[in-house]
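**Q** Here is my input; please provide its structure:
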Amino acid sequence: MSFSFNFDVQLTTKCQQDEENQPQDGNEYSEVEPVPGITITTQDETVKAAVEHFPPATPHSLLNDAVSETITIGTLPPLNFLNESVFELTAYERDDEEMILSQTTAQCSDLISGVYEGGLKVWECTYDLLELLERDGERFAEKIVLDLGCGAGLLGILALKRGASQVHFQDYNSTVIEHVTLPNTLLNCLEEEEEEEEEEESKGKKPGKRQNNDEVIIEEEEEESMKSTEKTKSELKNKQKNEEVEDGRPHAKRQALDSSQHPKLSGCRFFSGDWTSFLSLILKEDPSLKYDIIFTSETIYNKAYYSALHNTLHRLLAPGGVIYLATKTHYFGVGGGLHLFEQFVEEKGVFDMEKLWVVEHGLQRHVVAMHFKTKDRF
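**A** Numbering: from 1, shown residues only. The predicted model follows:
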């Protein structure tokens, strides 16, 4: 099983330099003993209201000056995502109402409990789960999938590429959704569109031409895949003026029209907020929404969140559905880990847990499947 990275750039960040140069006994957060290479800052737990985020009227704007990297695991389709080092170095240029970019940069912190929950970083267990999915060949066709605590969204993006009918992404921070998850999703949608165009060309079907009553109609092609035609831009501007709502969010009709530019995006939804608020928002859907597959990676690091996480999984998993949980055995400094979560789940009596894979190198990690107990399946 091959596992390779294709980096466009390699940079050393300020945080990495500071960490290398920092004396062993000079850690500002010495009361917390984090996993090596990970800094955790603890604060009081807060509640963050759930919000749905929509792609902008011109989705390509999300990729202005974007620098991406690609991960390839075995037979899985390549997954593209923003380079973390470049993102960190350009954080000061981005809008950030939550102020998490400045805080994480200033503190060189990967987690600030109740403020920032790690979504700007792709964690090790996400790669473990991707490898397991490649090995076991999970099928996503026509499935409704939730990437819970999505961060970069690689798990949900894989499901999207493998034919899921709907993929919903949720992260604690709106900044993560707007500046990381949405751009990553678009990166992968654009790649698929380019591959489809190349495939059509290889079959002799030239884009921009169609046959109609023996007449060949030549359509103007876009000069670059990252730019819309002037006509499209004008139409989108008019729609934006006519369909803007009072709170500044795009009208649902406008979103449907915008998403049609990239068909894959029409099956995606993006949410931020804590799990309790997110659950409340989803339960208001009519008809009610359930997920066939729920991914959640590195989300059981803090036992204070177990109740909200378990309740969300319980209420949103479809009968016969499966939850894939990727986790470390223990998270130093926060106190969570697989053993404590297993105890919590057993006490609740809702799910059966099955260990699918144990990764022994480095800190021990696990991929676990969760199913409803027989009495709760239907």
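
**Q** Residue 65: what secondary structure?
**A** Assigned with DSSP: H, G, I helix; E, B strand; the rest coil, residue 65 falls in the coil class.

**Q** shift numbering so it begins at 54
**A** All right, first residue 54 from here; so that's residue 118.

**Q** what's the spacing between it and residue 417?
**A** 39 Å (CB to CB, to the nearest Å). Yep, even glycine has a C-beta here, placed from its N, CA and C like the rest.

**Q** who's more crowded, those two?
**A** residue 417 (13 against 7; other CB atoms under 10 Å).

**Q** what sits against the closest residue to that one other than its chain neighbours?
**A** Leaving aside its sequence neighbours, residue 417 sits nearest to residue 382 (CB to CB, 6 or more residues apart in numbering; 4.3 Å). Contact analysis of residue 382 by CB atoms under 8 Å, 6 or more residues apart in numbering lists 390-392, 416-419.

**Q** how about a cut-off of 7 Å?
**A** Residue 382 makes contacts with 390-391, 416-419, as judged by CB atoms under 7 Å, 6 or more residues apart in numbering.

**Q** Report pLDDT for it.
**A** pLDDT for residue 382: 95.

**Q** so where is this protein shaky, pLDDT-wise?
**A** For the chain, applying pLDDT under 70 flags the ranges 54-99, 246-254, 257-314, 428-431.

**Q** so where do the helices sit in it?
**A** Listed in chain order, the helices of the chain (DSSP state H) span 67-74, 137-142, 153-160, 177-189, 207-214, 227-229, 235-255, 283-296, 305-312, 328-336, 359-369, 391-401.

**Q** Quick check: buried residues in the last one?
**A** It stands for helix 391-401. By 16 or more other CB atoms under 10 Å, the buried positions in helix 391-401 come out as 391, 394, 397-398.

**Q** same thing with the fourth one?
**A** Neighbour-count burial for helix 177-189 flags 177-187 (criterion: 16+ other CB under 10 Å).

**Q** Give the other helices and strands that that helix contacts.
**A** strand 121-126, helix 207-214, strand 344-350, strand 370-381, strand 404-412, strand 418-425 (3 or more CB pairs under 7 Å, 6 or more residues apart in numbering; DSSP states H and E).

**Q** List of residues touching it?
**A** Here helix 177-189 makes contact (CB under 7 Å, 6+ apart) with 54, 56, 126-129, 207-208, 211, 348, 350-351, 377, 379-381, 409-410, 412, 418, 420.

**Q** Quick check on those: which are buried?
**A** Of these, these count as buried by 16+ other CB under 10 Å: 126, 129, 207-208, 211, 348, 350-351, 377, 379-381, 409-410, 412, 418, 420.

**Q** that older thread, kindly indicate which of the contacts of residue 382 lies nearest residue 233.
**A** residue 418 (22.6 Å; CB to CB).

**Q** For the nearest residue to the closest one once chain neighbours are set aside, give its distance to residue 325.
**A** Spatial nearest neighbour of residue 418, excluding adjacent residues (CB to CB, 6+ apart): residue 412 at 4.2 Å. Here residue 412 is placed at a distance of 30 Å from residue 325 (CB to CB).

**Q** now residue 315
**A** The value you get for residue 315 to residue 325, if CB to CB is used, is 21 Å.

**Q** same thing with residue 363?
**A** Shown here: residue 363 relative to residue 325, a distance of 20 Å by CB to CB.

**Q** more crowded one of those two?
**A** Remark: of residue 363 and residue 325, residue 325 carries more neighbours, 26 against 20, as counted by other CB under 10 Å.

**Q** and the more buried one, what is it in contact with?
**A** 103-104, 106, 224-227, 230.

**Q** By neighbour count, which of those wins?
**A** That'd be residue 224 among these, by other CB under 10 Å, with 28 neighbours.

**Q** Which strand residues bridge that one?
**A** In this entry, residue 224 is beta-bridged to residue 325, by DSSP bridges.

**Q** Do I have it right that it meets residue 199?
**A** No: counting by CB atoms under 7 Å, residue 224 sits too far from residue 199 to count as a contact (11.7 Å).

**Q** Correct me if wrong: residue 222 contacts residue 203.
**A** Yes: using CB under 7 Å, residue 222 is in contact with residue 203, at 4.3 Å.

**Q** Mutual contacts of those two, please.
**A** By CB under 7 Å, 6+ apart, the residues touching both residue 222 and residue 203 are 209, 234.

**Q** Counting neighbours, what do you get for residue 319?
**A** Using other CB under 10 Å, residue 319 has 16 other residues around it.

**Q** ditto for residue 422
**A** Based on other CB under 10 Å, the number of other residues close to residue 422 is 17.
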